[in-house]
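# Here is a sequence together with a model predicted from it:
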Amino acid sequence: MTTTNYDWLEKRTPRSIDQLRLWNENPRLNPDETHMTIVDFTEDMISDENGKRHFFDLLKSLANEYIPADPIVVWQEKNQKYYVAEGNRRVLALKLLNNPDKAPKSIRAYVRRISENRKVQLEKINVCVAPTFEDAEWYINQRNSASSLQLQWSRIQQQRWVDKLYKKYGNDIETLLAKTNMSQGELENYIRNVRLIDLIKEPEIRSVLTEDQYQNATSHNFPITILERFFANKLVKEKWGIEFDGLDIKVKNKTGFFTAYAELIRNIVDNQIGIQIDTRTITSNLNTILEKLPSVDLSGDNPYEINGNSSKEKKQDIEEFDSEKKQKVVLKGDPNRNKLILNCYTLETTNYRLKGIFNELKRLSVQSYSNAVAASIRIFLDLAVLNWLQAEGKVPELQKKHDCNLRDIALKHRLTFVGESLSNHNKKASSIISKLLNSSNEYSLDVLNGYQHSNDSCYLNKQFIVCF
């Protein structure tokens with residue numbers, strides 16, 4: 001038996017707060033959102049009242065006194081940058097206290113007020129540098145501190161973390177057992193729960209939910225314990241034809257199960273049947289709940305299985321989907337779709353014009369308003385770049401580089417600056433910007449500029465615009 005060396009946890013190394021990078025795969029964050037800026041991270045942390053209250057308490061505590069009791073664990077990537085594995089909330093709070101202008105507009109005045117009255121001013125903090133991210137993982141798995149400054153993960157956040165590790169280590173349950181010190185039963189339950197909650201993203205279920213219902217159902221605040229207790233009940237398994245076999249989930253009638261499951265989710269997040277579904281009523285009033293929810297026909301042969309990796313279904317299952325619902329489902333990336341932005345996408349920003357254009361592009365028909373949509377793409381890009389520069393406090397640096405006012409700096413130069421700023425820690429965004437700046441690329445900034453400054457109409461067909 002080998003023993004891993006964790007001497008690095010005993011060492012503390014000073015690192016600049018501003019130079020520490022936040023971890024965009026932190027289980028606290030919404031996995032469906034993109035986190036590029038401090039604003040992105042902060043808005044996710046305060047997306048609900050409970051998270052906002054805890055984050056404000058943390059800001060006030062750190063402004064009064066920084067107590068380095070719980071280690072902040074970082075690891076160094078090949079780009080030589082340090083990323084925070086444990087302690088992201090604390091590092092984010094310290095970044096905001098040092099630079100209040102980088103806070104989202106909705107809380108900027110509050111952060112600025114706390115920062116001005118703070119008793120402690122820190123430029124560097126001591127961190128534990130893990131040799132690799134895998135070493136940092138070990139600490140994340142062991143952490144059970146109930147510190148007043150540490151907000152515990154929600155149950156769904158814990159379960160998604162375990163599911164992510166399971167995939168990372170090649171679906172090897174033995175490796176996961178060693179890394180988490182959890183029992184096999186606990187691990188299997190966690191992974192199955194993630195599979196169940198992710199069914200919400202299936203088109204047949206997604207199309208039944210309103211946008212608000214879907215957002216609530218996929219939030220890290222979703223009460224996953226309700227689903228756990230519901231599907232742990234023997235009567236539910238019998239009536240809905242569902243069976244658990246290790247990590248596998250087997251359903252006798254996919255169509256019937258999906259219909260019933262969609263209604264269950266709708267009523268957990270938005271009561272539609274006149275009876276509250278929670279952990280208490282599932283125990284005390286389960287029969288009534290099952291009577292009000294759609295029944296599942298178990299006489300047919302329409303099996304469906306979700307294993308530890310993916311969903312498996314027969315070709316005939318797909319052909320049996322209700323044709324009317326199928327027509328309503330618009331696939332992402334469909335070059336024949338009629339809307340530039342699908343309703344399943346959301347934009348979290350405090351910029352009124354940016355949000356306004358985004359929402360209007362969801363409604364405008366590309367076929368009927370190709371000129372308006374095409375021109376709006378260019379304007380949207382301009383506003384998005386400006387918003388990033390202001391949120392990140394990069395405007396003075398950009399103006400100094402070009403020795404002129406911001407209004408005199410062309411979008412091309414602004415994009416070049418943003419791409420250079422993101423090149424080390426967000427290669428995907430940097431790559432997209434490089435493609436935009438390449439004039440020989442079919443989808444380039446030159447084409448976007450042409451929508452406003454030229455008479456060329458060859459790029460105004462619907463398929464070209466929606467593929468931008």
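Sure thing, it's come through. In this text, all values refer to a predicted model and were calculated from it rather than measured experimentally.
# so what's V418 scoring on pLDDT?
With respect to pLDDT, V418 scores 89.
# Now name the helix or strand holding it.
helix 411-422 (DSSP states H and E).
# Now do that helix: which elements does it pack against?
helix 370-391, helix 395-402, helix 427-437, helix 445-453 (3 or more CB pairs under 8 Å, 6 or more residues apart in numbering; DSSP states H and E). Bear in mind the C-beta positions are built from the backbone N, C-alpha and C, glycine included.
# Could you list the buried residues of the first one?
The one in question is helix 370-391. For helix 370-391, a neighbour-count test (16 or more other CB atoms under 10 Å) marks 370, 373-374, 376-378, 380-381, 383-391 as buried.
# That one vs helix 395-402, what angle?
Computed with axes from the mean of the first three to the mean of the last three CA atoms, to 10 degrees, the direction of helix 370-391 lies at 100 degrees from that of helix 395-402.
# Averaged pLDDT, stretch 351-362. What do you get?
83.
# tell me the contacts of S439?
Residues in contact with S439 (CB atoms under 8 Å, 6 or more residues apart in numbering) are 445-446.
# let's see 10 Å
Neighbour list for S439: 412, 445-447 [criterion: CB atoms under 10 Å, 6 or more residues apart in numbering].
# do the same with G256
240-241, 294-300, 302.
# now those residues: which count as buried?
Buried among the contacts of G256 (16+ other CB under 10 Å): 240-241, 294, 296, 302.
# now, which of those lie within helices?
When helices are assigned by DSSP state H, the members of the buried ones among the contacts of G256 inside them are W240.
# Farthest pair within the buried ones among the contacts of G256?
Comparing every pair within those by CB to CB identifies P294 and N302 as the most remote, at 14.9 Å.
# just to revisit the earlier point, need the contacts of G256 in TSV (columns: pLDDT and distance to V162).
Listed next are the contacts of G256 as TSV, based on pLDDT from 0 to 100; distance: CB to CB, whole Å:
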residue	pLDDT	distance to V162
W240	93	25
G241	91	27
P294	90	31
S295	91	33
V296	91	29
D297	90	34
L298	89	31
S299	84	37
G300	73	35
N302	83	31
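# In TSV, list these along with distance to F222.
Below are those laid out as TSV (distance: CB to CB, whole Å):
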residue	distance to F222
W240	20
G241	24
P294	21
S295	25
V296	22
D297	28
L298	28
S299	32
G300	31
N302	27
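# for this protein, what are the low-confidence residue spans?
Scanning the chain for pLDDT under 70 picks out 1-6, 32, 67-69, 142-153, 181, 272-274, 308-336, 453-463, 466, 468.
# can we see that at 50?
For the chain, residues meeting the criterion pLDDT under 50 lie at 1-3, 144-150, 309-329.
# Outline the domain layout of it.
The record's domain parsing of the chain by automatic domain parsing lists 7-148, 186-328, 352-466.
# now the last one, how far from the centre of its chain.
With CA atoms, centre = their mean, to the nearest Å as the basis, the distance from the averaged C-alpha position of domain 352-466 to the chain average is 23 Å.
# And for stretch 242-260?
On CA atoms, centre = their mean, the centre of stretch 242-260 falls 27 Å from that of its chain.
# now do stretch 284-304
Offset of stretch 284-304 from its chain centre (CA atoms, centre = their mean): 32 Å.
# hmm, back to that, switch the domains of the chain over to a markdown table; also include distance to Y345.
A markdown table is the format used below for the domains of the chain (distance: least, CB to CB, whole Å):
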| stretch | distance to Y345 |
| --- | --- |
| domain 7-148 | 10 |
| domain 186-328 | 10 |
| domain 352-466 | 8 |
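# out of the ones you listed, nearest to T180?
Nearest of these to T180, taken as CB to CB: domain 7-148 at 5.0 Å.
# That closest one: how far from the chain's middle?
Centroid separation between domain 7-148 and its chain, computed with CA atoms, centre = their mean, is 17 Å.
# Confirm for me that N64 is in contact with K119.
Yes: when contacts are counted by CB atoms under 10 Å, N64 is listed as touching K119 (5.5 Å).
# Of these two, which one has the most company?
N64 (13 against 8; other CB atoms under 10 Å).
# how far away is the more buried one from R15?
Applying CB to CB, to the nearest Å, the value for N64 to R15 is 22 Å.
# same question, L235
55 Å.
# which of those two has more neighbours?
Taking other CB under 10 Å, L235 and R15 do not tie; R15 has more neighbours (18 against 10).
# ok, so of the contacts of G256, who is nearest F41?
So of the contacts of G256, ranked by how close each gets to F41 (CB to CB), first place is W240, at 39.2 Å.
# Setting aside sequence neighbours, what's the nearest residue to the closest one?
V296 (4.8 Å; CB to CB, 6 or more residues apart in numbering).
# got the contact list for that neighbour?
V296 neighbours (CB under 10 Å, 6+ apart): 239-242, 251-261, 290.
# which one is L340 nearest to, not counting chain neighbours?
With CB to CB, 6+ apart, the residue lying closest to L340 is L361, at 4.9 Å.
# so what's the backbone phi/psi at that neighbour?
L361 adopts backbone torsions of phi -70, psi -20, taken as degrees, to the nearest 10.
# Spit out the contact partners of it.
So L361 contacts 339-341, 345, 369, 372-373, 376-377, 380 (CB under 10 Å, 6+ apart).
# Format these as JSON lines; extra columns: distance to R112.
JSON lines is the format used below for the contacts of L361 (distance: CB to CB, whole Å):
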{"residue": "K339", "distance to R112": "39"}
{"residue": "L340", "distance to R112": "37"}
{"residue": "I341", "distance to R112": "34"}
{"residue": "Y345", "distance to R112": "32"}
{"residue": "Y369", "distance to R112": "41"}
{"residue": "A372", "distance to R112": "39"}
{"residue": "V373", "distance to R112": "38"}
{"residue": "S376", "distance to R112": "34"}
{"residue": "I377", "distance to R112": "34"}
{"residue": "F380", "distance to R112": "29"}
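# now what about stretch 56-69, what contacts it?
By CB under 10 Å, 6+ apart, stretch 56-69 touches 12, 45-46, 87, 89-90, 92-94, 96-97, 103, 107, 110-111, 113-122, 125-127, 145, 147-151.
# Okay, and which of the residues you listed map to strands?
Here DSSP state E is the test, and the contacts of stretch 56-69 give 125-127 as lying in strands.
# Can you tell me which of those residues is closest to E204?
Distance to E204, by CB to CB, is smallest for V127 among these, at 46.6 Å.
# is that closest one in a bridge, and if so with what?
Bridge pairing for V127 (DSSP bridges) gives the partners T13.
# need the contact list for it.
Residues counted as contacts of V127 (CB under 10 Å, 6+ apart) are 11-15, 17, 20, 68, 71-75, 82, 84-87, 91.
# Going through those residues, which ones are buried?
By 16+ other CB under 10 Å, the contacts of V127 give 15, 17, 20, 71-75, 82, 84-87, 91 as buried.
# Correct me if wrong: K339 contacts L364.
Yes: taking CB under 10 Å as the definition, K339 is a contact partner of L364 at 7.3 Å.
# what do the two both touch?
Common neighbours of K339 and L364 (criterion: CB under 10 Å, 6+ apart): V373.
# Pull the number of nearby residues for A232.
12.
# and it, what are its phi and psi?
The phi and psi values for A232, taken as degrees, to the nearest 10, are phi -80, psi -10.
# And it, how far from N193?
Note on A232: its distance to N193, by CB to CB, is 10 Å.
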